[in-house]
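In: for reference, the sequence and a predicted model appear below.
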Amino acid sequence: MPLPVERQRLLASAELGRQIAALLDPETKVEGVTSGKLSRALKLIGQPTKVGGGNFTDDDYAVTARWGIAGKGGITMPAKGRVLSRPFDAAERTALEDVSGAALAAGPRITGSAPRPAASAVPLNALALLGDETCDIFLNGK
């Protein structure tokens with residue numbers, strides 16, 4: 001397994017691994033995610049919005065599509081929905097920049113690495129690796 005030559009990159013990688021392990025463990029409290037003040041960037045994830053704007057009505061909450069299909073062995077598999085790729089909006093871009101401390105660069109994605117101090121352990125190129133787009137998921141296929 002190749003290891004980073006620079007000590008700082010190895011420490012940043014190890015810290016990132018610890019953070020990922022904590023996020024995957026439902027019994028571990030993660031500051032800014034499951035405990036403490038919620039990270040500004042995370043407030044935008046999964047926020048329901050109505051296509052075309054406006055307030056939700058009771059009809060908007062109706063499940064009108066097959067959201068799950070019975071699979072082999074009694075498991076439930078996801079059914080069709082709709083995924084729409086789009087650029088980050090201004091609020092998403094600002095929140096992500098605040099978290100990373102770096103601006104999302106338009107244009108080519110950065111593949112190099114420039115880690116921050118181990119205290120934050122977030123590589124400066126993390127946002128560049130996300131790319132310029134996110135996606136919206138429509139469960140009812142509308």
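Out: That came in fine, so what should we check first?

In: next structured bit after the lowest-mean-pLDDT helix or strand in the chain?
Out: The least trusted helix or strand in the chain, going by mean pLDDT, DSSP states H and E, turns out to be helix 126-130, with a mean of 61. Once the chain leaves helix 126-130, the next helix or strand it forms, by DSSP states H and E, is strand 133-138.

In: next, the residue nearest to residue 35 when sequence neighbours are not counted: secondary structure please.
Out: Using Cβ to Cβ, 6 or more residues apart in numbering and skipping residues adjacent in sequence, the residue nearest residue 35 is residue 29, 4.0 Å away. The way it works is simple: take the backbone N, C-alpha and C, and place the C-beta from them, glycine included. Under the three-state scheme (DSSP: H, G, I helix; E, B strand; the rest coil), the conformation of residue 29 reads as coil.

In: isn't residue 29 up against residue 23?
Out: No. Taking Cβ atoms under 8 Å as the definition, residue 29 is not a contact partner of residue 23, at 10.9 Å.

In: low-confidence ranges in the protein?
Out: Low-confidence regions of the chain, defined by pLDDT under 70, span residues 1, 65-67, 98-129, 139-142.
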